[in-house]
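S.K.: show me how the following folds:
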Amino acid sequence: MVRLAYFFHTSLLSYIAYSILFSMFYSVANVARIGDHRRLYHTIELYFGYQ
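M.R.: Numbering: from 1, shown residues only. So this is what the prediction gives:
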């Protein structure tokens, strides 16, 4: 039971990490396609400014 809870906890954490990485990559690719650097700086501030 503890092992199942540990597996669920680690899989949930990895899912959150993968979703954050995917959203960061999507935002950077979107900004690179558009060419708006202010939006890129805003995205970086959103991800790293609240930590």
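S.K.: please count neighbours and contacts with C-alpha atoms only from this point.
M.R.: Noted.
S.K.: check the gap between the spatially most central residue of the chain and Y6 for me.
M.R.: Of all residues in the chain, the one closest to the mean position by C-alpha atoms, centre = their mean is I20, 1.6 Å from it. For I20, the distance to Y6 equals 21 Å [C-alpha to C-alpha, to the nearest Å].
S.K.: could you point out the longest helix of the chain?
M.R.: Across the chain, the helix with the greatest residue count (assigned by DSSP state H) is helix 2-34.
S.K.: any idea how far that helix is from the middle of the chain?
M.R.: Offset of helix 2-34 from its chain centre (C-alpha atoms, centre = their mean, to the nearest Å): 6 Å.
S.K.: and M24, how close does it get to S14?
M.R.: According to C-alpha to C-alpha, M24 and S14 sit 15 Å apart.
S.K.: higher neighbour count, these two?
M.R.: The residue with more neighbours, out of M24 and S14, is M24; 15 against 12, by other C-alpha atoms under 10 Å.
S.K.: mind pulling the model confidence for the more buried one?
M.R.: M24 carries a pLDDT score of 85 in this model.
S.K.: any idea how far it is from Y47?
M.R.: Separation of M24 from Y47 (C-alpha to C-alpha): 8 Å.
S.K.: before I go, just wanted to say thanks for your time.
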